[in-house]
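Enquirer: 3D model of this:
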Amino acid sequence: MNQALQERLGDMVVDGKRLETLWLAPREAAATTIVMLHEGLGSIALWKDFPYKLAQRTGCGVLVYSRYGHGSSEKQIDKRSVTFMHHEGEVVLPELLDKLGVTRPILLGHSDGGSIALIFAGRYPDRARALILEAPHVFVEEFGLASIRAAKVAFETTGFRGKLARYHTHVDETFWAWNKIWLDPEFPKWDIESYLDTIRCPVLCIQGEQDEYGTRAQVDTIVAKVPGAELLMLPDCGHSPHRDQHEATLEKVAEFVEKIKNQPRIHPDDTDQELRAKDEERRAKNERHTMAEWVHTFKGAVLASEYDFASHMNSQMYVSRFDQATWFLLRAIGVTPASIKQQNLRIAIVRQNYQFLEELRGGELVEIKSGFLAVGEKYFRFLHQMYDSETGEMIATCDSVAVRASLETGKSVPLTPELQEKAKQYLVTPNAPLDEAIG
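Expert: Residues are numbered from 1 along each chain as shown. Predicted structure coming up:
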């Protein structure tokens, strides 16, 4: 630590919770402040020496804090909601900045912290000077959820818990608050793309090419929707660019900060009235597109005839359960074997991805919840999630794409407008077209 940076570490109460904070004074009193927003399992300590190097390289003041339940901040005692990042960006961060007298900061957010920065800048367009986003999330991907499930296993079976405890006073509460909400059945509905419409400040996105928690689609969405947004993709880099490519990240951030010091806003012609109109439109759009509840499509027990010599449920039985769930989901939109047969059609599964997360044994009770992920001109994409009925733990998932195919030609046929509308009523995540055409 460089004491010349005038380091000050202390606690403050924000939104009724005690938070630990770190302040590194700028070289000049009038310099811009960089506010650092950590990742989902982060804290002040987990940033290590990056805040100090950032302050030295840019000359800016640097404010770092650990969110509620992280680091040495107040212990998490309540369950997080799906909208916890919205609360952080719309309530906690504004209050913290107001109490410290920080105006128009540069927000540097990593992962969940990047999402919080986007929410703040979209909700309060005049309050952010710029955004620097490391591996931000704007929607939920099965790719990332798989890594979060793997983190759960690592926390329970390896030395990961001990390593994480170096950075959190209440490590168990910190980990499970993060892990359980991301794996909550309702969390796939989480989406903040609408906040991008009102962001008016310069944005830099940095993502590792080997990021294990999100694909490039996350940052590509930001670049496509925020005018002038920049993107740096780093090779040989995972989810933490400031750790995996420390110097390259620091150099790019310092270059970006220097460039924006005298740069005008991206939308200088926007008036406050226009921005309020955009914000109201976004909120109305969110209300109109409230996602549907999951459909209960199966409930049953693992029978003795369905498991092997070690009393494990045979993999064919998982597939059979998901097949049954598919028909009950389709029945919810008026598609049944009889109605399909009358139209001289069949349902064809053209893509299917299974994930087996836990083993089932004889006598255990299971249930399946299902919902549509996307509805196209010719296809449905839907997800089945199998749970242990007693513990609520997710056992397996099945992500499928299906089409209606002609019995005569074998080719897919378009969904009727009525059928598309019915399926959209059961969307459990914002409708997103597939990358390639079906049929």
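
Enquirer: how about the helices in the stretch 251-400 of the chain?
Expert: Assigned by DSSP state H, counting those that start in this stretch, the helices in the stretch 251-400 of the chain fall at 272-288, 315-331, 337-342.

Enquirer: ugh, wrong one, I meant the stretch 1-150 of the chain
Expert: With DSSP H, counting those that start in this stretch as the criterion, the stretch 1-150 of the chain has helices at 50-58, 84-87, 93-100, 112-123, 142-157.

Enquirer: out of the ones you listed, nearest to residue 135?
Expert: Of all the helices of the stretch 1-150 of the chain, helix 112-123 sits nearest to residue 135, with 6.6 Å by C-beta to C-beta. In short, each C-beta sits where N, CA and C put it, glycine included.

Enquirer: Residues contacting the closest one, please?
Expert: Contact with helix 112-123 is made by 36-40, 42, 85-86, 88-90, 93-94, 107-109, 127-128, 131, 133-138, 192, 194-199, 201, 222, 279, 282, as judged by C-beta atoms under 8 Å, 6 or more residues apart in numbering.

Enquirer: ok, the closest residue to residue 396 other than its chain neighbours - contacts?
Expert: Excluding the flanking residues, the one nearest residue 396 by C-beta to C-beta, 6 or more residues apart in numbering is residue 386, at 4.5 Å. Residue 386 makes contacts with 298, 318, 321-322, 366-368, 394-398, as judged by C-beta under 8 Å, 6+ apart.

Enquirer: Pick the most deeply packed of the helices of the stretch 1-150 of the chain.
Expert: Per residue and on average, the most neighbours among these fall to helix 112-123, with a mean of 26 (mean count of other C-beta atoms under 10 Å).

Enquirer: The helices of the stretch 1-150 of the chain: which one's closest to residue 240?
Expert: Nearest to residue 240 among the helices of the stretch 1-150 of the chain is helix 50-58; the distance by C-beta to C-beta comes to 9.8 Å.

Enquirer: any residues touching that closest one, and which ones?
Expert: So helix 50-58 is contacted by 1-2, 5, 22, 24, 26, 34, 36, 44, 60-62, 64, 108, 242-243, 246, 250, 253-254, 257-258 (C-beta under 8 Å, 6+ apart).

Enquirer: measure residue 49 to residue 246 for me?
Expert: Here the criterion is C-beta to C-beta, to the nearest Å. By it, residue 49 lies 9 Å from residue 246.

Enquirer: out of these two, which sits in the more crowded spot?
Expert: residue 246 (15 against 12; other C-beta atoms under 10 Å).

Enquirer: Tell me who's in contact with the more buried one.
Expert: Residue 246 sits next to residue 50 when contact means C-beta under 8 Å, 6+ apart.

Enquirer: Against residue 318, how distant is it?
Expert: Separation of residue 246 from residue 318 (C-beta to C-beta) stands at 43 Å.

Enquirer: Same check on residue 382?
Expert: Applying C-beta to C-beta, the value for residue 382 to residue 318 is 16 Å.

Enquirer: Which of those two has more residues huddled nearby?
Expert: Legend: neighbour count by other C-beta under 10 Å for residue 382 and residue 318, higher for residue 382 (26 against 20).

Enquirer: In this model residue 397 seems to touch that one, though I could be wrong.
Expert: No. Using C-beta atoms under 8 Å, residue 382 makes no contact with residue 397, being 11.1 Å away.

Enquirer: I'd like to know how many residues surround residue 299.
Expert: Neighbours of residue 299 under the rule other C-beta under 10 Å: 10.

Enquirer: element containing residue 181?
Expert: Using DSSP states H and E, residue 181 maps to helix 171-182.

Enquirer: which residues touch that helix?
Expert: Under the criterion C-beta under 8 Å, 6+ apart, residues 40-41, 69-70, 75-77, 79-82, 84, 145, 148, 151-152, 155, 161, 164-165, 168, 187 lie in contact with helix 171-182.

Enquirer: Quick one, which of those are buried?
Expert: Using 16 or more other C-beta atoms under 10 Å as the burial test, the contacts of helix 171-182 include 40-41, 69-70, 75-76, 80, 84, 145, 148, 151-152, 155, 164, 168, 187 as buried.

Enquirer: Residues in a beta bridge with the closest residue to residue 351 other than its chain neighbours, which ones?
Expert: Distances taken as C-beta to C-beta, 6+ apart place residue 401 nearest to residue 351, at 4.0 Å, with adjacent residues excluded. Note on residue 401: beta-bridge partners by DSSP bridges are residue 351, residue 381.
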